[in-house]
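Q: The sequence and its predicted three-dimensional model are supplied below.
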Amino acid sequence: MQISGGVQLSGGVNLAPGGGSGGSPSVSFGYTSGGFDPAIPNGPSTNRIDKFAFASDGNATDVGDLTVARYATAGQSSSLSGYNSGGNPTTNVIDKFSFSVDGNATDVGDLTVSRKAAAGQSSSVSGYSSAGHDGNPTNVIDKFSFASDGNATDVGDCTVSVDERAGQSSSDNGYASGGQPVINVIDKFPFASDSNATDSGDLTLARHGSSGQSSSTHGYTSGGYGGGYSNVIDKFPFASDSNATDVGDLNAQLNNTAGQSSADNGYASGGRYASNLDQIQKFPFASDSNASDVGDLTLIRTMATGQQG
């Protein structure tokens, strides 16, 4: 239920959530927020916000708290702040935390409906929360402004009603890939106008609980579950609508990682099923290859959300 993620950055400008990145040189840190420890049955969610550097491999540090401990939020990123929207326990809260100063998040608005396991996307001016679960899978695409704190508005629909999708962002469009019930669909919706998504291609493997990452030219969908846990990293182009290709592997088969993106690399942090659930993995955008372990989160967790700034 990521994530998306995370998974993300937006296009070559800024950022995107739950995963994605637009490859902005100004992006210096990845963030992993919320989640829970899958080793503790019915254990509590966390409100912790972790931060790790893109410039050098290393462990994350605890830099603040969300307003509500929860998991399965959608993550978004502006040039100044990270956002967490919705989540489980099911809520409509939109939290915001600063990239320039480490500290706690504040409640800055509400989604149009309380939901969990939505995918997050980000343009240069707005955050998006797409699909998710509000008692039943939904197809709603919500949008909220980065310039001023306030509630989201319903601006369109995904092509399918699902949850646990991975989110990606180019400079012009938001993407949501995979989902539960298990599908391989890649949806695309424009940032320039409020409208419905279109089916722009397929993943190589139908799955849910993947994390999303974004370079300036491609979207990535990593890990997930589709009849079994997967380590596959899929890649699809932003320039044309087409199917994804398998370009590498995470270092373990797992789902529900949080996705982050720098200008040069995609990241997947935490997760479910593998033994190293506090792990931060990194894979390059410049060449198709496998991910490597580059550090640890401050605690084991799954269904966390990723941001970058």
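A: Perfect, thanks for sending it. Residues are numbered from 1 along each chain as shown.

Q: How much space separates the nearest residue to residue 304 once chain neighbours are set aside from residue 129?
A: Of all residues not flanking residue 304 in the chain, residue 35 sits nearest, at 3.1 Å (Cβ to Cβ, 6 or more residues apart in numbering). All C-beta atoms are positioned from the backbone trio N, CA, C, and that covers glycine. Distance, residue 35 to residue 129, by Cβ to Cβ, to the nearest Å: 17 Å.

Q: For those two, indicate the residue with more neighbours.
A: residue 35 (35 against 32; other Cβ atoms under 10 Å).

Q: I'd assumed residue 75 was in contact with the more buried one.
A: No: assessed by Cβ atoms under 8 Å, residue 35 is found out of contact with residue 75, at 11.3 Å.

Q: which residues does the residue nearest to residue 55 when sequence neighbours are not counted contact?
A: Leaving aside its sequence neighbours, residue 55 sits nearest to residue 28 (Cβ to Cβ, 6+ apart; 6.7 Å). Residues in contact with residue 28 (Cβ atoms under 8 Å, 6 or more residues apart in numbering) are 53, 54, 55, 309.

Q: Repeat the analysis, applying 7 Å as the threshold.
A: 53, 54, 55 (Cβ atoms under 7 Å, 6 or more residues apart in numbering).

Q: repeat for residue 194
A: So residue 194 contacts 143, 155, 156 (Cβ under 7 Å, 6+ apart).

Q: Thought residue 195 was touching the last one, still the case?
A: Yes: with contact taken as Cβ atoms under 7 Å, residue 156 and residue 195 are classed as touching, separated by 5.2 Å.

Q: centre of the chain versus the helix or strand harbouring residue 174, how much separation?
A: Under the criterion of DSSP states H and E, residue 174 resides in strand 173-177. Offset of strand 173-177 from its chain centre (Cα atoms, centre = their mean, to the nearest Å): 11 Å.

Q: Give the partner strands of that strand in its sheet and their orientations.
A: strand 166-169 (antiparallel), strand 185-190 (antiparallel) (DSSP bridges).

Q: lowest-pLDDT helix or strand in the protein?
A: strand 20-21 (a mean of 36; mean pLDDT, DSSP states H and E).

Q: what's the residue of the chain positioned farthest from its centre sitting at in phi/psi?
A: Of all residues in the chain, residue 41 sits farthest from the chain's C-alpha centroid, using Cα atoms, centre = their mean; the distance is 24.5 Å. Note on residue 41: its backbone torsions stand at phi -60, psi 130 [degrees, to the nearest 10].

Q: quick one: contacts for the residue lying closest to residue 210 once chain neighbours are set aside?
A: Spatial nearest neighbour of residue 210, excluding adjacent residues (Cβ to Cβ, 6+ apart): residue 224 at 3.5 Å. Neighbouring residues of residue 224 by Cβ under 7 Å, 6+ apart: 178, 207, 208, 209, 210, 230, 255.

Q: Name all residues that make contact with the closest residue to residue 80 other than its chain neighbours.
A: In space, and not counting its chain neighbours, residue 80 is closest to residue 99: 6.0 Å by Cβ to Cβ, 6+ apart. Contacts were defined as Cβ under 7 Å, 6+ apart; by that measure residue 99 touches 80, 81, 82, 309.

Q: any chance of those in a markdown table, plus secondary structure, distance to residue 215 and pLDDT?
A: Below are those laid out as a markdown table (DSSP: H, G, I helix; E, B strand; the rest coil; distance: Cβ to Cβ, whole Å; pLDDT from 0 to 100):
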| residue | secondary structure | distance to residue 215 | pLDDT |
| --- | --- | --- | --- |
| 80 | coil | 22 | 97 |
| 81 | strand | 22 | 98 |
| 82 | strand | 19 | 98 |
| 309 | coil | 17 | 97 |
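
Q: Name the nearest of those relative to residue 90.
A: residue 82 (21.1 Å; Cβ to Cβ).

Q: in stretch 90-102, what's buried?
A: Buried residues in stretch 90-102, counted by 16 or more other Cβ atoms under 10 Å: 90, 91, 92, 93, 94, 95, 96, 97, 98, 99.

Q: Narrow those residues to those in helices?
A: Judged by DSSP state H, helices contain none of the buried residues of stretch 90-102.

Q: Now for those: which two are most distant?
A: 90 and 99 (27.4 Å).

Q: now the strands for the stretch 201-309 of the chain?
A: 211-214, 218-225, 229-237, 245-249, 258-261, 265-269, 279-284, 292-296, 305-308 (DSSP state E, counting those that start in this stretch).
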